[in-house]
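Asks: sequence first, predicted coordinates after that:
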Amino acid sequence: MSRAGNSFQEILAGFNFIDIENHPDSIFGLYPDFTLAYFNPAWFTFAAENRGEPQISRDWGLGRNIFDAIFGDLTSFYTHMYKKALVTGTTCEHVYECSSPLVLRRYHQIIYPVSQQALLVVNSLVVSMPVEKISGGPSFNEADYRDSAGILHQCAHCRKIRNMRHENRWDWVGYLVSNDPRL
C-alpha cells in the first residue's frame with residue numbers, strides 16, 4: 001500500500017520528511033478535502049498492535065475521507081479543528097482518549113497546517129496505564145448497562161458505557177468495548 005499521495009511529499013517541503021517517517025508517534029496527512037494523503041510507519045504499527053490490521057490497510061488507504069470514520073458530535077468538532085488550521089494557518093491541538101479494553105490511553109493531537117494545501121496530524125501518547133475499572137470479569141452483569149429497550153449507551157469520546165443502575169455513572173467495560181454487544 002502506498003503511504004503518501006504523489007504531491008504530498010512535495011507539499012511537505014518545509015518539513016524534514018525523514019524525521020516524520022521515523023517519528024515514533026502515529027502521523028497522518030490530509031488534503032483540504034479531508035482525504036487521507038499520508039501515513040507514517042507508526043500509523044500501521046499502532047493499527048497492528050490494536051487489532052486494526054489488515055482492515056486498516058485494506059479499507060483506509062490514500063484518498064479515503066477521514067470523516068467516513070468519525071461520527072456524531074465528533075464530526076463537527078474535527079471539522080471545526082481541521083478547517084480552522086487550514087483557514088487560519090495556525091496549529092491546533094487537543095487531548096483525546098483512545099483506550100483499549102485493558103489500557104487507558106490519552107493522546108495529544110497536534111494539527112499542523114502546511115501552506116493551506118494540507119494538514120499534518122501528529123498523535124502523541126501522553127498517558128498509558130492499565131484500566132482498573134470493570135473489565136467484564138466474574139462480577140460483570142451486562143444487564144446493568146442496557147436500558148429498558150436493551151440498548152447500550154456508549155460515549156463516542158471515551159467509550160465508557162452508561163451504568164443504568166446508577167444515575168450519572170459511566171463505566172469502562174472492556175468486554176463491551178472489545179466485543180460487539182449486538183452478537
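Replies: Everything's here; your move.
Asks: would you map the strands across the chain?
Replies: Per DSSP state E, the chain carries strands over the ranges 26-30, 36-39, 92-97, 103-114, 118-130, 161-163, 169-171.
Asks: quick one, helices of this structure?
Replies: 8-11, 17-22, 41-49, 55-59, 73-88, 174-178 (DSSP state H).
Asks: how deep is Asn50 tucked in, by neighbour count?
Replies: Counted with other CB atoms under 10 Å, residues neighbouring Asn50 total 13. Any C-beta I mention is one placed from the backbone N, CA and C, and that applies to glycine too.
Asks: which residues touch it?
Replies: Neighbour list for Asn50: Ser100 [criterion: CB atoms under 8 Å, 6 or more residues apart in numbering].
Asks: now the one 3 residues further on
Replies: Contacts of Glu53 were listed using CB under 8 Å, 6+ apart, and they are 44, 47.
Asks: tell me the spacing between it and Ser7.
Replies: Glu53 is 27 Å from Ser7, where distance means CB to CB, to the nearest Å.
Asks: quick one on the thing from earlier: tell me which of the strands of the chain lies nearest to Gln154.
Replies: Closest of those to Gln154 is strand 161-163, at 5.4 Å (criterion: CB to CB).
Asks: just to confirm, which residue in the chain is farthest away from the center?
Replies: In terms of distance from the mean C-alpha position of the chain, Ser148 ranks first, at 30.7 Å (CA atoms, centre = their mean).
Asks: give me the pLDDT for it.
Replies: You'll see Ser148 listed with a pLDDT of 88.
Asks: thought Arg146 was touching Leu152?
Replies: Yes. Using CB atoms under 8 Å, Arg146 makes contact with Leu152 at a distance of 5.9 Å.
Asks: got any ranges where this protein has weak pLDDT?
Replies: Residue ranges of the chain with pLDDT under 70: 1-2, 5-6, 132-140, 157, 177-183.
Asks: how is it divided into domains?
Replies: Per automatic domain parsing, the structural domains of the chain span 8-130, 142-178.
Asks: if we can go back for a sec, for Tyr107, see how far away the residue farthest from the centre of the chain is.
Replies: The spacing between Ser148 and Tyr107, counted by CB to CB, is 35 Å.
Asks: same check on Met164?
Replies: Counting by CB to CB, the separation of Met164 from Tyr107 is 30 Å.
Asks: burial count for Arg51?
Replies: By other CB under 10 Å, the residues close to Arg51 number 10.
Asks: no wait, Ala118
Replies: Ala118: 21 neighbours (other CB under 10 Å).
Asks: once you drop chain neighbours, what's closest to it?
Replies: Distances taken as CB to CB, 6 or more residues apart in numbering place Ile11 nearest to Ala118, at 4.8 Å, with adjacent residues excluded.
Asks: what sits against the one you found?
Replies: Ile11 neighbours (CB under 8 Å, 6+ apart): 114-115, 117-118.
Asks: now those as TSV including distance to Met129?
Replies: Converted to TSV, these look like this (distance: CB to CB, whole Å):
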residue	distance to Met129
Val114	34
Ser115	38
Gln117	38
Ala118	34
